[in-house]
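**Student:** based on what follows, work out the 3D shape:
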Amino acid sequence: MNKINYVDDWRNLGNIEIIDVRSPAEFEIDHIPGSINIPILNNRERHEVGLIYKQVNPFKAKILGASLISENISKFLKINFSKKPGSWHPLIYCWRGGQRSRSLALILNEIGWRVSVLNGGYKTFRNKVLEELKVIESFDFRIIQGQTGSAKTKILKHLKKLDAQILDLEGLACHRGSLLGKEKNKKQHSQRYFETLLHHSITKLDSNYPVYLESESSKIGNLHIPNKLWEKFNMSERILLRVPIKERVKFLLNEYEHLTKKNDLLEPFLKGMTGRYPNKMIIYWRELVANKNWEQFVKEILENHYDPKYSFSEIKHKDKINFEIEIKKLNKLNLDKTSKKILDYINSSN
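**Tutor:** As a prediction, the model looks like this:
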């Protein structure tokens, strides 16, 4: 009979399946990437056990918890585990490596599977994520900087196709990084899971080679870039893209086409501008939207809102801008050429 293997790290355990036995609500807030949720107690059951623990006594709560856990494990054995081969190796974790993970581990181990449990559970995982996100000094980040509509995200994707390392902050945040940046039909993750995804992405990178990312504010939608990372980004070398406003307007109209088809999606932006700019300007912007004069509307918000904000950032980081690229047309050929120019510059300067 195998003994249950208690481990301090979820990584480098070979071909394992990670099982998060916490409730769906806990799992949604944050979880180990790649793990599956098999809740030993569902949201309602966990709440019920917690109430009895506080309002009656811990002993009664443990009796109820054990009975519910037993019923649920029986169900999961039939539905989720019955077809697993004998070589299957699960790693189980709960909130802090307590009753929920031990209960499932004991049963699976008794059946004969090789079972591991994460010591300290989710709390161990979370602490490691936070600790390791602070230790990023060895990474060589290169920031792609340019005014709104300069196709920075597209260039990152071109760089990736050329085998360069990238960190796609907006992709991880499910947000394009501005008041108009909410992704269509996508909900942003919790702050915790955003940090988990950042950690997961960074640990896959090789610190011996540059990592490219686009310039962002410290907040992407509702999510904040961790302080240590933000400080590191602010100290990193920058590559500046210069694109004519006409090209940026055309690019943004193509990227945000869905906003021109549902005007109500622009309402949060316009409301957010109220009080920040003269009423006369807001009224004019609303007229442009109502008349579907999209080119002029985009040009207006670039010139009056986004470009002035960007100018402040460019001035702030001017001493870190060592290379500039002018892009006259934002087409696929030029984006590919720009990506190659960036790599040629970095390779020649190393």
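**Student:** distance between the helix or strand bottoming out on mean pLDDT in the chain and the chain's centre?
**Tutor:** Within the chain, confidence by mean pLDDT, DSSP states H and E is lowest for helix 257-261 among all helices and strands, at a mean of 87. Distance of helix 257-261 from its chain centroid, counting by CA atoms, centre = their mean, to the nearest Å, is 25 Å.
**Student:** just the CA atoms of that helix, as PDB, please.
**Tutor:** This file holds the C-alpha atoms of helix 257-261, laid out as PDB (Å, rounded to 0.1, in the frame of the first residue of the first chain):
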ATOM      1  CA  GLU A 257     -16.000  47.800 -34.400                       C
ATOM      2  CA  HIS A 258     -18.500  46.300 -31.900                       C
ATOM      3  CA  LEU A 259     -18.800  49.700 -30.200                       C
ATOM      4  CA  THR A 260     -20.000  51.300 -33.400                       C
ATOM      5  CA  LYS A 261     -22.800  48.800 -33.700                       C
END
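**Student:** so when I look at Leu270, I'm seeing a helix, right?
**Tutor:** Yes. With DSSP: H, G, I helix; E, B strand; the rest coil as the criterion, Leu270 is assigned to a helix.
**Student:** mind listing what's buried in the least confident helix or strand of the chain?
**Tutor:** Buried residues in helix 257-261, counted by 16 or more other CB atoms under 10 Å: Leu259. For the C-beta atoms, the positions are set from N, CA and C on the backbone; glycine is no exception.
**Student:** before we move on, what about stretch 52-63?
**Tutor:** Residues of stretch 52-63 classed as buried: Ile52, Tyr53, Ala61 (neighbour count, 16+ other CB under 10 Å).
**Student:** the first one and Ala61 touch, don't they?
**Tutor:** Yes. Counting by CB atoms under 8 Å, a contact exists between Ile52 and Ala61, whose distance comes to 4.3 Å.
**Student:** OK, contacts around the nearest residue in space to Gln99 that is not next to it in sequence?
**Tutor:** Closest residue to Gln99 apart from its sequence neighbours, by CB to CB, 6 or more residues apart in numbering: Gly65 at 6.8 Å. By CB atoms under 8 Å, 6 or more residues apart in numbering, Gly65 lies in contact with Leu41, Val49, Gln99.
**Student:** which one of these is nearest Trp285?
**Tutor:** Relative to Trp285, the closest of the contacts of Gly65 is Leu41; by CB to CB it sits at 51.1 Å.
**Student:** my guess is the closest one meets Asn72, correct?
**Tutor:** Yes. At 7.0 Å, Leu41 and Asn72 qualify as touching, with contact defined as CB under 8 Å.
**Student:** on that earlier part again, want to throw the contacts of Gly65 into JSON lines with secondary structure and neighbour count?
**Tutor:** Below are these laid out as JSON lines (DSSP: H, G, I helix; E, B strand; the rest coil; neighbours: other CB atoms under 10 Å):
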{"residue": "Leu41", "secondary structure": "coil", "neighbour count": "24"}
{"residue": "Val49", "secondary structure": "helix", "neighbour count": "21"}
{"residue": "Gln99", "secondary structure": "helix", "neighbour count": "16"}
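**Student:** give me the domain ranges for this protein.
**Tutor:** 5-131, 134-349 (automatic domain parsing).
**Student:** looking at those, which has the lowest confidence?
**Tutor:** Note on those: lowest mean pLDDT is at domain 134-349, with a mean of 93.
**Student:** list the contacts for Tyr193?
**Tutor:** Neighbouring residues of Tyr193 by CB under 8 Å, 6+ apart: Ile29, Asp30, His31.
**Student:** give me phi/psi at Ile19?
**Tutor:** In terms of degrees, to the nearest 10, the main-chain angles of Ile19 are phi -120, psi 120.
**Student:** what's opposite it in the beta bridge?
**Tutor:** Counting by DSSP bridges, Ile19 is bridged to Ile36, Ile92.
**Student:** that one touches Leu104, doesn't it?
**Tutor:** Yes. Using CB under 8 Å, Ile19 is in contact with Leu104, at 7.3 Å.
**Student:** okay, and the common contacts of these two?
**Tutor:** Jointly contacting Ile19 and Leu104 under the rule CB under 8 Å, 6+ apart are Ile38, Ile92.
**Student:** could you dump the contacts of Tyr193 to CSV with secondary structure and distance to Ile4?
**Tutor:** Below are these laid out as CSV (DSSP: H, G, I helix; E, B strand; the rest coil; distance: CB to CB, whole Å):
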residue, secondary structure, distance to Ile4
Ile29, helix, 27
Asp30, coil, 25
His31, coil, 21
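**Student:** could you dump those residues to CSV with neighbour count?
**Tutor:** Shown next, in CSV, are the contacts of Tyr193 (neighbours: other CB atoms under 10 Å):
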residue, neighbour count
Ile29, 15
Asp30, 21
His31, 20
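**Student:** nearest to Leu259, of those residues?
**Tutor:** Ile29 (30.1 Å).
**Student:** ok, now which ones touch the closest residue in space to that closest one that isn't next to it in sequence?
**Tutor:** Of all residues not flanking Ile29 in the chain, Ser190 sits nearest, at 4.9 Å (CB to CB, 6+ apart). By CB under 8 Å, 6+ apart, the contact list for Ser190 reads Glu28, Ile29, Asp30.
**Student:** neighbours of Ser236, how many?
**Tutor:** If you count neighbours by other CB atoms under 10 Å, Ser236 ends up with 18.
**Student:** that one and Asn322 touch, don't they?
**Tutor:** No. The criterion here is CB under 8 Å, and Ser236 misses it with Asn322 at 10.9 Å.
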